[in-house]
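Novice: Using only what follows, build the 3D model:
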Amino acid sequence: MSLALLAMSHSPLLEHAELPVDVSAELEEAFAKARTFVHDFDPDVIVNFAPDHYNGFFYTLMPAFCIGYAAESIGDYGSQAGRLNVPEDFARSIAEHVIDDGIDLTVSLDMQVDHGAVQPMELMYKDIAAKPVVPVFINSVAPPFTPVKRIRMLGESIGRYLATVDKKVLLIASGGLSHDPPVPRLATATPEQRKALLGKGGPISAEARDARQQRVIDAARDFAAGTADIQDLAPEWDQNLMRILASGDLSPLDAWSPTAMTEIAGNSSHEVRTWIAGYAALSAAGGYEVEYSYYRPIKELIAGFGLTTVFQH
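Specialist: Prediction:
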(Lines give C-alpha, C1' and ligand atoms only; values in the text may rest on other atoms or scores of the structure.)
Protein backbone atom coordinates (compact mmCIF):
# COMPACT_ATOMS: atom_id res chain seq x y z
CA MET A 1 0.00 0.00 0.00
CA SER A 2 1.09 3.55 -0.74
CA LEU A 3 -1.00 6.70 -0.82
CA ALA A 4 -0.63 10.16 -2.27
CA LEU A 5 -2.95 13.16 -2.43
CA LEU A 6 -3.75 15.83 -4.97
CA ALA A 7 -5.98 18.48 -3.36
CA MET A 8 -7.01 21.28 -5.68
CA SER A 9 -9.63 23.85 -6.37
CA HIS A 10 -11.73 23.38 -9.45
CA SER A 11 -13.50 26.03 -11.47
CA PRO A 12 -15.93 25.60 -14.36
CA LEU A 13 -14.62 28.97 -15.55
CA LEU A 14 -11.13 27.71 -16.42
CA GLU A 15 -12.11 27.38 -20.07
CA HIS A 16 -14.40 30.43 -20.10
CA ALA A 17 -12.57 33.24 -18.28
CA GLU A 18 -10.02 35.66 -19.72
CA LEU A 19 -7.22 35.43 -17.19
CA PRO A 20 -4.29 37.86 -16.93
CA VAL A 21 -1.24 36.40 -18.65
CA ASP A 22 0.73 36.04 -15.42
CA VAL A 23 -2.14 34.28 -13.65
CA SER A 24 -2.64 31.89 -16.55
CA ALA A 25 1.08 31.08 -16.55
CA GLU A 26 1.04 30.48 -12.78
CA LEU A 27 -1.88 28.10 -13.06
CA GLU A 28 -0.32 26.14 -15.88
CA GLU A 29 2.88 25.80 -13.88
CA ALA A 30 0.88 24.51 -10.90
CA PHE A 31 -1.01 22.03 -13.07
CA ALA A 32 2.26 20.89 -14.67
CA LYS A 33 3.80 20.21 -11.24
CA ALA A 34 0.68 18.28 -10.25
CA ARG A 35 0.80 16.22 -13.45
CA THR A 36 4.43 15.31 -12.82
CA PHE A 37 3.59 14.29 -9.25
CA VAL A 38 0.58 12.21 -10.31
CA HIS A 39 2.31 10.50 -13.23
CA ASP A 40 5.45 9.76 -11.22
CA PHE A 41 3.29 8.15 -8.53
CA ASP A 42 1.39 6.20 -11.22
CA PRO A 43 -1.56 5.00 -9.10
CA ASP A 44 -3.38 1.74 -9.58
CA VAL A 45 -6.64 3.39 -8.58
CA ILE A 46 -7.96 6.83 -7.62
CA VAL A 47 -10.35 7.71 -4.80
CA ASN A 48 -11.99 10.99 -5.82
CA PHE A 49 -13.60 13.20 -3.13
CA ALA A 50 -15.81 15.75 -4.88
CA PRO A 51 -18.93 17.86 -4.48
CA ASP A 52 -21.89 18.18 -6.82
CA HIS A 53 -23.67 21.31 -8.02
CA TYR A 54 -27.29 20.10 -8.27
CA ASN A 55 -26.49 17.92 -11.25
CA GLY A 56 -26.43 14.47 -9.66
CA PHE A 57 -27.81 15.08 -6.16
CA PHE A 58 -30.93 17.07 -5.32
CA TYR A 59 -33.07 18.05 -2.35
CA THR A 60 -35.44 15.17 -3.04
CA LEU A 61 -32.79 13.19 -1.15
CA MET A 62 -29.51 14.89 -0.20
CA PRO A 63 -27.01 12.60 1.57
CA ALA A 64 -24.06 13.98 3.51
CA PHE A 65 -21.77 11.65 1.55
CA CYS A 66 -22.12 8.81 -0.94
CA ILE A 67 -19.82 6.30 -2.67
CA GLY A 68 -20.54 5.37 -6.27
CA TYR A 69 -20.29 1.79 -7.51
CA ALA A 70 -20.61 3.13 -11.06
CA ALA A 71 -20.64 6.69 -12.36
CA GLU A 72 -21.24 8.87 -15.38
CA SER A 73 -20.11 12.45 -16.05
CA ILE A 74 -22.86 14.75 -17.32
CA GLY A 75 -20.41 17.00 -19.19
CA ASP A 76 -21.39 20.43 -17.83
CA TYR A 77 -19.36 23.54 -18.78
CA GLY A 78 -17.78 21.59 -21.61
CA SER A 79 -16.21 19.00 -19.33
CA GLN A 80 -15.84 15.46 -20.66
CA ALA A 81 -19.06 13.47 -20.61
CA GLY A 82 -19.28 9.70 -20.37
CA ARG A 83 -18.69 6.72 -18.14
CA LEU A 84 -16.02 6.64 -15.46
CA ASN A 85 -13.96 3.48 -14.99
CA VAL A 86 -15.25 2.55 -11.53
CA PRO A 87 -14.01 -0.76 -10.04
CA GLU A 88 -17.28 -1.86 -8.44
CA ASP A 89 -15.85 -4.49 -6.09
CA PHE A 90 -13.26 -2.08 -4.72
CA ALA A 91 -15.85 0.68 -4.27
CA ARG A 92 -18.11 -1.75 -2.43
CA SER A 93 -15.31 -2.90 -0.14
CA ILE A 94 -14.56 0.72 0.83
CA ALA A 95 -18.24 1.40 1.49
CA GLU A 96 -18.68 -1.72 3.61
CA HIS A 97 -15.63 -0.83 5.70
CA VAL A 98 -16.86 2.72 6.27
CA ILE A 99 -20.31 1.49 7.32
CA ASP A 100 -18.73 -1.08 9.66
CA ASP A 101 -16.80 1.85 11.18
CA GLY A 102 -20.10 3.42 12.21
CA ILE A 103 -20.23 6.10 9.50
CA ASP A 104 -23.72 6.58 8.03
CA LEU A 105 -22.77 6.28 4.38
CA THR A 106 -25.01 6.03 1.37
CA VAL A 107 -24.15 4.29 -1.90
CA SER A 108 -25.16 4.79 -5.51
CA LEU A 109 -25.25 2.08 -8.14
CA ASP A 110 -25.05 4.73 -10.85
CA MET A 111 -23.81 8.11 -9.65
CA GLN A 112 -24.09 11.21 -11.83
CA VAL A 113 -21.06 13.49 -11.44
CA ASP A 114 -20.22 16.92 -12.84
CA HIS A 115 -17.17 19.13 -13.42
CA GLY A 116 -16.38 19.09 -9.69
CA ALA A 117 -15.37 15.44 -9.94
CA VAL A 118 -13.96 15.20 -13.45
CA GLN A 119 -12.01 18.44 -13.95
CA PRO A 120 -8.94 17.20 -12.01
CA MET A 121 -9.04 13.94 -13.99
CA GLU A 122 -9.11 15.87 -17.26
CA LEU A 123 -6.29 18.17 -16.18
CA MET A 124 -4.10 15.27 -15.06
CA TYR A 125 -4.93 12.61 -17.66
CA LYS A 126 -6.94 14.31 -20.45
CA ASP A 127 -9.40 11.44 -20.11
CA ILE A 128 -11.80 10.79 -17.24
CA ALA A 129 -11.62 7.03 -17.89
CA ALA A 130 -7.82 6.86 -17.98
CA LYS A 131 -7.60 5.32 -14.50
CA PRO A 132 -9.93 3.29 -12.30
CA VAL A 133 -11.63 5.74 -9.95
CA VAL A 134 -13.98 5.46 -6.97
CA PRO A 135 -16.15 8.60 -6.69
CA VAL A 136 -16.95 9.82 -3.18
CA PHE A 137 -19.57 12.57 -3.15
CA ILE A 138 -19.49 15.01 -0.24
CA ASN A 139 -22.39 17.45 0.03
CA SER A 140 -20.85 20.92 -0.13
CA VAL A 141 -23.55 23.20 -1.53
CA ALA A 142 -26.89 22.14 -0.02
CA PRO A 143 -27.57 23.12 3.62
CA PRO A 144 -27.92 21.71 6.21
CA PHE A 145 -24.34 20.44 6.35
CA THR A 146 -23.00 17.65 8.51
CA PRO A 147 -20.44 18.81 11.10
CA VAL A 148 -16.86 19.07 9.83
CA LYS A 149 -15.81 16.46 12.38
CA ARG A 150 -17.91 13.87 10.53
CA ILE A 151 -16.05 14.65 7.30
CA ARG A 152 -12.75 14.09 9.10
CA MET A 153 -14.05 10.79 10.45
CA LEU A 154 -15.20 9.72 6.97
CA GLY A 155 -11.76 10.43 5.54
CA GLU A 156 -10.00 8.64 8.38
CA SER A 157 -12.17 5.57 7.92
CA ILE A 158 -11.38 5.42 4.21
CA GLY A 159 -7.70 5.95 4.95
CA ARG A 160 -7.64 3.08 7.45
CA TYR A 161 -9.12 0.78 4.82
CA LEU A 162 -6.74 1.90 2.08
CA ALA A 163 -3.80 1.22 4.41
CA THR A 164 -4.71 -2.48 4.24
CA VAL A 165 -4.85 -2.91 0.46
CA ASP A 166 -1.97 -3.84 -1.82
CA LYS A 167 -2.46 -0.95 -4.22
CA LYS A 168 -1.04 2.46 -5.01
CA VAL A 169 -3.95 4.82 -4.37
CA LEU A 170 -4.11 8.45 -5.41
CA LEU A 171 -6.57 10.52 -3.41
CA ILE A 172 -8.04 13.47 -5.29
CA ALA A 173 -9.81 16.18 -3.30
CA SER A 174 -11.56 18.66 -5.56
CA GLY A 175 -13.17 21.90 -4.48
CA GLY A 176 -13.05 25.33 -2.85
CA LEU A 177 -11.51 27.30 -1.52
CA SER A 178 -13.39 30.51 -0.58
CA HIS A 179 -15.98 31.35 -3.20
CA ASP A 180 -19.58 32.45 -3.52
CA PRO A 181 -20.80 31.87 -7.09
CA PRO A 182 -24.42 32.64 -8.02
CA VAL A 183 -25.81 29.19 -7.24
CA PRO A 184 -29.55 29.16 -6.36
CA ARG A 185 -30.23 28.58 -2.67
CA LEU A 186 -33.28 26.90 -1.24
CA ALA A 187 -33.98 29.66 1.29
CA THR A 188 -34.32 32.32 -1.42
CA ALA A 189 -35.27 30.20 -4.45
CA THR A 190 -38.08 31.15 -6.80
CA PRO A 191 -40.72 28.45 -7.42
CA GLU A 192 -38.94 27.47 -10.64
CA GLN A 193 -35.54 27.37 -8.93
CA ARG A 194 -36.98 25.33 -6.07
CA LYS A 195 -38.28 22.80 -8.59
CA ALA A 196 -34.79 22.52 -10.09
CA LEU A 197 -33.12 22.15 -6.67
CA LEU A 198 -35.54 19.33 -5.90
CA GLY A 199 -34.66 17.64 -9.18
CA LYS A 200 -38.29 17.67 -10.27
CA GLY A 201 -39.14 17.29 -13.93
CA GLY A 202 -36.23 15.01 -14.78
CA PRO A 203 -32.74 16.00 -15.95
CA ILE A 204 -32.16 19.68 -16.60
CA SER A 205 -32.60 20.60 -20.24
CA ALA A 206 -29.65 21.64 -22.37
CA GLU A 207 -31.18 25.10 -22.72
CA ALA A 208 -31.64 25.52 -18.96
CA ARG A 209 -28.10 24.28 -18.27
CA ASP A 210 -26.65 26.69 -20.83
CA ALA A 211 -28.57 29.58 -19.25
CA ARG A 212 -27.39 28.62 -15.76
CA GLN A 213 -23.79 28.35 -16.93
CA GLN A 214 -23.97 31.70 -18.70
CA ARG A 215 -25.15 33.37 -15.49
CA VAL A 216 -22.03 32.10 -13.72
CA ILE A 217 -19.75 33.19 -16.59
CA ASP A 218 -21.33 36.67 -16.56
CA ALA A 219 -21.03 36.89 -12.77
CA ALA A 220 -17.33 36.03 -12.95
CA ARG A 221 -16.72 38.77 -15.49
CA ASP A 222 -18.57 41.28 -13.29
CA PHE A 223 -16.79 40.05 -10.14
CA ALA A 224 -13.39 40.64 -11.75
CA ALA A 225 -14.57 44.12 -12.73
CA GLY A 226 -15.78 44.84 -9.20
CA THR A 227 -19.47 45.11 -10.09
CA ALA A 228 -20.88 41.71 -9.04
CA ASP A 229 -23.15 41.41 -6.02
CA ILE A 230 -21.47 38.32 -4.56
CA GLN A 231 -19.31 37.80 -1.48
CA ASP A 232 -15.63 38.62 -1.77
CA LEU A 233 -12.91 35.97 -1.53
CA ALA A 234 -11.25 35.29 1.83
CA PRO A 235 -7.51 34.73 1.26
CA GLU A 236 -6.60 34.73 4.97
CA TRP A 237 -9.21 32.05 5.67
CA ASP A 238 -8.00 30.00 2.71
CA GLN A 239 -4.36 30.15 3.75
CA ASN A 240 -5.16 29.37 7.38
CA LEU A 241 -7.03 26.26 6.24
CA MET A 242 -4.08 25.19 4.10
CA ARG A 243 -1.71 25.67 7.05
CA ILE A 244 -3.87 23.51 9.31
CA LEU A 245 -4.10 20.77 6.70
CA ALA A 246 -0.34 20.82 6.10
CA SER A 247 0.38 20.59 9.84
CA GLY A 248 -0.89 17.03 10.12
CA ASP A 249 -3.23 17.89 13.02
CA LEU A 250 -6.74 18.37 11.66
CA SER A 251 -8.46 18.52 15.05
CA PRO A 252 -8.78 22.37 15.06
CA LEU A 253 -11.16 22.03 12.11
CA ASP A 254 -13.67 20.14 14.27
CA ALA A 255 -14.69 23.46 15.81
CA TRP A 256 -15.43 25.12 12.46
CA SER A 257 -19.16 25.73 12.12
CA PRO A 258 -20.94 25.66 8.77
CA THR A 259 -22.54 29.03 9.55
CA ALA A 260 -19.20 30.71 10.16
CA MET A 261 -17.71 29.12 7.05
CA THR A 262 -20.50 30.58 4.95
CA GLU A 263 -20.26 34.02 6.55
CA ILE A 264 -16.47 34.26 6.19
CA ALA A 265 -15.72 32.41 2.97
CA GLY A 266 -18.97 32.16 0.98
CA ASN A 267 -21.78 29.73 0.37
CA SER A 268 -19.59 27.37 -1.66
CA SER A 269 -16.62 27.39 0.72
CA HIS A 270 -17.99 24.09 2.06
CA GLU A 271 -16.28 22.38 -0.88
CA VAL A 272 -13.15 22.40 1.31
CA ARG A 273 -14.78 19.39 2.97
CA THR A 274 -13.25 17.37 0.14
CA TRP A 275 -9.77 18.59 1.14
CA ILE A 276 -10.45 17.73 4.78
CA ALA A 277 -11.54 14.21 3.83
CA GLY A 278 -8.49 13.68 1.62
CA TYR A 279 -6.00 14.90 4.21
CA ALA A 280 -7.79 12.92 6.93
CA ALA A 281 -7.47 9.74 4.86
CA LEU A 282 -3.72 10.29 4.57
CA SER A 283 -3.40 11.09 8.27
CA ALA A 284 -5.09 7.81 9.26
CA ALA A 285 -2.82 5.79 6.96
CA GLY A 286 0.40 7.32 8.33
CA GLY A 287 2.22 10.65 8.40
CA TYR A 288 2.39 12.92 5.36
CA GLU A 289 4.25 15.88 3.95
CA VAL A 290 3.12 18.56 1.52
CA GLU A 291 5.48 18.46 -1.45
CA TYR A 292 4.09 21.45 -3.36
CA SER A 293 1.61 24.18 -2.47
CA TYR A 294 0.09 26.90 -4.64
CA TYR A 295 -2.45 29.57 -3.74
CA ARG A 296 -3.83 32.69 -5.35
CA PRO A 297 -7.19 34.46 -5.07
CA ILE A 298 -8.47 34.65 -8.66
CA LYS A 299 -11.57 36.76 -9.13
CA GLU A 300 -11.95 35.76 -12.78
CA LEU A 301 -12.57 32.21 -11.49
CA ILE A 302 -14.64 33.36 -8.47
CA ALA A 303 -12.26 31.31 -6.34
CA GLY A 304 -9.50 31.33 -3.83
CA PHE A 305 -7.58 28.87 -5.99
CA GLY A 306 -5.33 26.38 -4.24
CA LEU A 307 -3.44 23.23 -5.18
CA THR A 308 -1.31 20.90 -3.07
CA THR A 309 0.49 17.64 -3.75
CA VAL A 310 1.07 15.47 -0.70
CA PHE A 311 3.00 12.26 -0.19
CA GLN A 312 2.94 9.68 2.57
CA HIS A 313 5.95 9.33 4.85
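
Novice: right, and the helix or strand after the helix or strand bottoming out on mean pLDDT in the chain?
Specialist: Using mean pLDDT, DSSP states H and E, helix 206-225 stands out as the lowest-scoring helix or strand of the chain, at a mean of 79. Next along the chain after helix 206-225, taking DSSP states H and E as the criterion, comes helix 235-247.

Novice: Quick one: list the elements packing against that following helix.
Specialist: Where contact means 3 or more CB pairs under 8 Å, 6 or more residues apart in numbering; DSSP states H and E, helix 235-247 is packed against helix 258-265, helix 272-285, strand 288-298, strand 303-312. Where C-beta positions appear, they are placed from N, C-alpha and C, glycine not excepted.

Novice: Can you tell me what sits against the helix or strand containing Val107?
Specialist: Val107 is part of strand 106-108 when elements are defined by DSSP H and E. Contact with strand 106-108 is made by Pro63, Phe65, Cys66, Ile67, Gly68, Tyr69, Ala70, Ala71, Arg92, Ala95, Phe137, as judged by CB atoms under 8 Å, 6 or more residues apart in numbering.

Novice: Write a ChimeraX command that selects only the buried members of the residues you listed.
Specialist: Here is the ChimeraX selection string for the buried members of those, based on 16 or more other CB atoms under 10 Å:
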select :63,65,66,67,68,69,70,71,95,137
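
Novice: Let's see which of the contacts of strand 106-108 end up in helices.
Specialist: Arg92, Ala95 (DSSP state H).

Novice: of the contacts of strand 106-108, closest to Leu245?
Specialist: Nearest to Leu245 among the contacts of strand 106-108 is Phe65, at 18.6 Å by CB to CB.

Novice: Check what pLDDT the residue lying closest to Arg92 once chain neighbours are set aside gets.
Specialist: Excluding the flanking residues, the one nearest Arg92 by CB to CB, 6 or more residues apart in numbering is Tyr69, at 6.0 Å. Model confidence at Tyr69, given as pLDDT, is 98.

Novice: Quickly note the distance from Tyr69 to Tyr125.
Specialist: As judged by CB to CB, to the nearest Å, Tyr69 and Tyr125 stand 21 Å apart.

Novice: One more: Trp275?
Specialist: Applying CB to CB, the value for Trp275 to Tyr125 is 20 Å.

Novice: neighbour count winner among these two?
Specialist: Just comparing Trp275 and Tyr125: by other CB atoms under 10 Å the higher neighbour count belongs to Trp275, 27 against 16.

Novice: pLDDT value on that one, please?
Specialist: Looking at Trp275, its pLDDT is 98.

Novice: wait, doesn't it sit right on Ala246?
Specialist: No. Here Trp275 does not reach Ala246: they are 10.8 Å apart, not a contact under CB atoms under 8 Å.

Novice: What is the neighbour count of Glu207?
Specialist: Neighbour count for Glu207, taken as other CB under 10 Å: 8.

Novice: Likewise for Ala277?
Specialist: Applying other CB under 10 Å, we find 28 residues neighbouring Ala277.

Novice: Give me the nearest residue to it, chain neighbours excluded.
Specialist: Gly155 is the one closest to Ala277 (CB to CB, 6+ apart), at 3.6 Å.

Novice: Is that neighbour within a helix or a strand, and which one?
Specialist: helix 148-162.

Novice: Direction included, what does the helix or strand following that helix pair against?
Specialist: Counting by DSSP H and E, the next helix or strand C-terminal to helix 148-162 is strand 168-174. Under the criterion DSSP bridges, strand 168-174 sits next to strand 2-8 (parallel), strand 45-50 (parallel) in its sheet.

Novice: Of these, flag the one that's most buried.
Specialist: strand 45-50 (a mean of 27; mean count of other CB atoms under 10 Å).

Novice: How far away from the center of its chain is that strand?
Specialist: Mean-position distance between strand 45-50 and its chain equals 10 Å (CA atoms, centre = their mean, to the nearest Å).

Novice: And for stretch 227-242?
Specialist: The chain centre lies 17 Å from the centre of stretch 227-242; the measure is CA atoms, centre = their mean.

Novice: Next: stretch 216-224.
Specialist: So, by CA atoms, centre = their mean, the centroid of stretch 216-224 is 21 Å from its chain's centroid.

Novice: Give me the buried stretch members for it, please.
Specialist: Quick answer for stretch 216-224 (16+ other CB under 10 Å): Val216, Ala219, Ala220, Arg221, Asp222, Phe223, Ala224.

Novice: Do I have it right that Met153 meets Ile103?
Specialist: Yes. Met153 is within contact range of Ile103, at 6.3 Å (criterion: CB under 8 Å).
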